[in-house]
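Participant: Structure, please.
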Amino acid sequence: MFAMNRTVDLDELLSFVRERKNWILTTTKQSGGVQLSPVTGTVGADGSLLISTYPERAKTHNIRMDPTVSLCVQSDEFGGAWVQVDGNAQVIDLPEAMEGLVEYYRSAAGEHPDWDEYREAMERQGKCLIRIHISGWGPIATGGFPSSKKAMFEKWQPGGELADDSPQMFDD
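Facilitator: Now for the predicted structure:
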């Protein structure tokens with residue numbers, strides 16, 4: 001497997017992100033350091049990125065101080081395709097967040113069997129919504145061997161052939 005990066009337009013990016021729910025959200029702490037938060041996310045109808053969370057979480061405090069965020073949207077399998085997405089986030093609290101939380105659920109899981117029950121649960125849990133407006137993104141990347149390392153790795157394989165179960169020694 002050789003590394004490959006593919007530049008994509010916004011529509012391709014959103015299509016890629018819609019298929020992946022495992023994200024790592026990066027926010028900036030008050031100290032200036034970074035906060036990494038594993039989150040479940042989805043794409044809203046307007047192309048913004050949505051995360052359901054709680055107002056007490058570090059990520060929400062950080063976003064309220066500095067809305068600049070980055071995400072690593074990754075595949076389920078380690079070494080699968082991934083992309084970095086940058087944007088500006090806003091934390092939306094209840095009651096204003098309710099319809100956004102409904103949008104989040106619909107996008108992530110489809111129709112709820114009882115929307116009144118869902119709304120009551122969101123209210124009871126005190127949820128909030130993070131909405132990220134995309135400002136930029138990198139190429140969709142795939143781990144593995146960079147093309148610059150291909151010849152070096154091939155010489156270590158019997159017959160110069162790449163083995164399917166080769167160790168990922170040169171992951172990007």
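
Participant: Who does Ala89 form a beta bridge with?
Facilitator: Beta bridges link Ala89 to Ile132, judged by DSSP bridges.

Participant: Against Thr27, how distant is it?
Facilitator: 8 Å (C-beta to C-beta, to the nearest Å). C-beta: built from backbone N, CA, C; applies to glycine.

Participant: Mutual contacts of the two, please.
Facilitator: Ile63, Val69 (C-beta atoms under 8 Å, 6 or more residues apart in numbering).

Participant: so which helix or strand takes in Ala141?
Facilitator: strand 140-142 (DSSP states H and E).

Participant: check contacts around Leu50.
Facilitator: Neighbour list for Leu50: Gly41, Thr42, Val43, Gly44, Gly100, Glu103, Tyr104, Ser107, Leu129, Ile130, Arg131, Ile132 [criterion: C-beta under 8 Å, 6+ apart].

Participant: With adjacent residues omitted, what lies nearest to the fifth one?
Facilitator: Put plainly, it is Gly100. Leu129 (4.2 Å; C-beta to C-beta, 6 or more residues apart in numbering).

Participant: I'd like to know how far that neighbour sits from Ala81.
Facilitator: From Leu129 over to Ala81 the distance is 27 Å, taken as C-beta to C-beta.

Participant: Please tell me the pLDDT value assigned to Gln168.
Facilitator: We have a pLDDT of 47 for Gln168.

Participant: Could you do Tyr105 as well?
Facilitator: Tyr105 is given a pLDDT of 96.

Participant: now do the one 5 residues further on
Facilitator: Reading off the confidence values, Gly110 has pLDDT 94.

Participant: Torsion angles phi and psi at it?
Facilitator: Reported as degrees, to the nearest 10, the phi and psi values for Gly110 are phi 90, psi -160.

Participant: Also Asp66?
Facilitator: According to degrees, to the nearest 10, Asp66 has phi -150, psi 110.

Participant: need the contact list for the closest residue to it other than its chain neighbours.
Facilitator: Nearest non-adjacent residue to Asp66, counting by C-beta to C-beta, 6+ apart: Thr28, 4.7 Å away. For Thr28, the contacting residues are Val34, Gln35, Asn62, Met65, Asp66, Thr68, by C-beta under 8 Å, 6+ apart.
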